[in-house]
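1. Show me how the following folds:
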Amino acid sequence: MNQNERPGSAPDTLHALHGQFIRVVELYGEMERTPRRFGTDTLMTNTQIHLIEVIGDFNESLGVTELAARKGVTKGAVSQNVKKLKERDLVYQEADPDNQSRTIIKLTDKGRDAYRAHREWHDTADGGFRRFMEEAGEEKRMFLYDTLVKVANFLEKLRES
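-> Numbers count the residues shown, from 1 in each chain. Below is the predicted model of the structure:
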């Protein structure tokens, strides 16, 4: 059975699901290790462009704590990536006008270019995945979400053992 062929029986389905899961993990790992330019002259990792995506999606109004919560990572991880993005002139920090003890992360013009290029890629070049997920319906999306939570929990347990 090739990688895109659908399985025909229950044992085939379980085996095929495992194979597709391994394929997704390997492809994602490869993508994570391969920096890209995202419409700029600066190489960025997937982690960094997705941080830029969250900053842009939330109208550049989030601080480190909120970014960490939205990304599901530590504040330290966000701070390290913000520092790298600042060094590459993709983001900057400024005092929150409503709370002077808090800083918010903003995109530079170059950061906005990267944000737009990444959004355009999602809109045109992702093989219709976004449209597929939108058309799948809320019940199927929640099933997939619940499945991914279970997989992530399983992988965390494996990592800890």
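
2. Quick check: closest non-adjacent residue to the residue nearest to the spatial centre of the chain.
-> Of all residues in the chain, the one closest to the mean position by C-alpha atoms, centre = their mean is His50, 4.7 Å from it. Excluding its sequence neighbours, the residue lying closest to His50 (C-beta to C-beta, 6 or more residues apart in numbering) is Lys71, at 7.3 Å. Where you see a C-beta, it was placed from the backbone N, CA and C, and this is true even at glycine.

3. Ramachandran angles for that neighbour?
-> The phi and psi torsions at Lys71 (degrees, to the nearest 10) take the values phi -90, psi -10.

4. residues contacting it?
-> 50-51, 54, 77-78 (C-beta atoms under 8 Å, 6 or more residues apart in numbering).

5. Export these to a markdown table and append columns for pLDDT, distance to Glu156 and secondary structure.
-> A markdown table is the format used below for the contacts of Lys71 (pLDDT from 0 to 100; distance: C-beta to C-beta, whole Å; DSSP: H, G, I helix; E, B strand; the rest coil):
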| residue | pLDDT | distance to Glu156 | secondary structure |
| --- | --- | --- | --- |
| His50 | 93 | 20 | helix |
| Leu51 | 96 | 22 | helix |
| Val54 | 96 | 22 | helix |
| Ala77 | 95 | 16 | helix |
| Val78 | 96 | 20 | helix |
